[in-house]
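> I would like the atomic coordinates for the input below:
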Amino acid sequence: MSKLASISAIVVGIVMAIAGVVTWVVVMNTLSDQRITVSEDASCLAGDDVNGPFSAYCQASVIDKHTQAITGGKTYAELGQDEGDTDRDDDRTDRGHAGILPRRPLAG
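Next comes the predicted model:
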């Protein structure tokens, strides 16, 4: 019984390692296709192409820093959550997020 468990654990480990490598390659190719460059004011990897998890993390960190500065420390989910604020879309648009989501659906 312990021999079967050992072999199963080895097979599962090999499958997981292969899945990890495949995932890394897919993410790397997808990020490279986007042609994103880490902002110059990033705390790490500034100016590098975003083509892997480390550069993606650095770019995400600088985006968070910029968002916090624009919104006075609020996250995107917190925008429009103030008491008495009934129009979330206007609050988000006022804070520079107009390009992220359309205000109204396109007429068909």
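
> Do you have the strands of the protein handy? List them.
Counting by DSSP state E, one finds no strands in the chain.

> lowest-confidence helix or strand of it?
helix 88-94 (a mean of 51; mean pLDDT, DSSP states H and E).

> What ranges in this structure fall below the confidence cut-off?
The chain contains residues with pLDDT under 70 at 81-108.

> Quickly list the domain ranges of this structure.
1-33, 36-100 (automatic domain parsing).

> Turn these into JSON lines, including mean neighbour count.
Heads up, the C-betas are built off the backbone N, CA and C, glycines and all. JSON lines is the format used below for the domains of the chain (neighbours: other C-beta atoms under 10 Å):
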{"stretch": "domain 1-33", "mean neighbour count": "10"}
{"stretch": "domain 36-100", "mean neighbour count": "14"}
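
> and stretch 34-49, how far apart are its ends?
End-to-end distance of stretch 34-49: 10 Å, with C-alpha to C-alpha, to the nearest Å as the criterion.

> ok, residues contacting it?
32, 50, 54-55, 57-59, 61-62, 65 (C-beta atoms under 8 Å, 6 or more residues apart in numbering).
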